[in-house]
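*Asks:* Need coordinates for the following:
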Amino acid sequence: MFDEPQVVNRLKDRVDELLVKFEELRIENEELRNELVNQKAQNEVKDTQIAKLQENLRFKEVESEDIFDKIEAVLGR
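*Replies:* Now for the predicted structure:
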């Protein structure tokens, strides 16, 4: 009724195709995972840089306020 060897061969071919596709997707997934790890590391570096810049800005604002206070004191205001 059914040509069993033909059916088995077709199934084997399909399984082989699925295994190839699985391996391709596994590799792509690993590459994406590595890229994500790298992006997270870069974000941490940038977050650290931003925090330092914000701290420097606060320091400069305090310095500016001190300078303006001194100028106002000299001008007698």
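*Asks:* Can you check the pLDDT for residue 33?
*Replies:* In the predicted model, residue 33 carries a pLDDT score of 98.
*Asks:* Equivalent analysis for the one 5 residues further on, please.
*Replies:* Reading off the confidence values, residue 38 has pLDDT 98.
*Asks:* Check which helix or strand it maps to.
*Replies:* helix 4-75 (DSSP states H and E).
*Asks:* quick one: that helix to chain centroid distance?
*Replies:* Between the centre of helix 4-75 and the centre of its chain there are 1 Å (Cα atoms, centre = their mean, to the nearest Å).
*Asks:* for that helix, packing partners?
*Replies:* Contacting helix 4-75 under the criterion 3 or more Cβ pairs under 8 Å, 6 or more residues apart in numbering; DSSP states H and E is no other helix or strand. Quick note: C-beta positions are derived from backbone N, CA and C, even for glycine.
*Asks:* From residue 48, how far out is the most centrally placed residue in the chain?
*Replies:* A centroid search over the chain (Cα atoms, centre = their mean) returns residue 39, at 2.7 Å, as the residue closest to the centre. According to Cβ to Cβ, to the nearest Å, residue 39 stands 15 Å off from residue 48.
*Asks:* picking that back up, relative to residue 7, how far out is the residue nearest to the centre of the chain?
*Replies:* Per Cβ to Cβ, residue 39 is found 47 Å from residue 7.
*Asks:* what about residue 14, how many neighbours?
*Replies:* 10 (other Cβ atoms under 10 Å).
*Asks:* Let me see the confidence value for it.
*Replies:* Residue-level confidence at residue 14 comes out at 97, pLDDT.
*Asks:* One more: residue 1?
*Replies:* The model reports residue 1 with a pLDDT of 51.
*Asks:* same thing with residue 76?
*Replies:* Residue 76 carries a pLDDT value of 85.
*Asks:* Any idea how many residues pack against it?
*Replies:* Residue 76: 5 surrounding residues under other Cβ under 10 Å.
*Asks:* now residue 42
*Replies:* Residue crowding around residue 42 was assessed by other Cβ under 10 Å; the count is 10.
*Asks:* Appreciated, that's everything.
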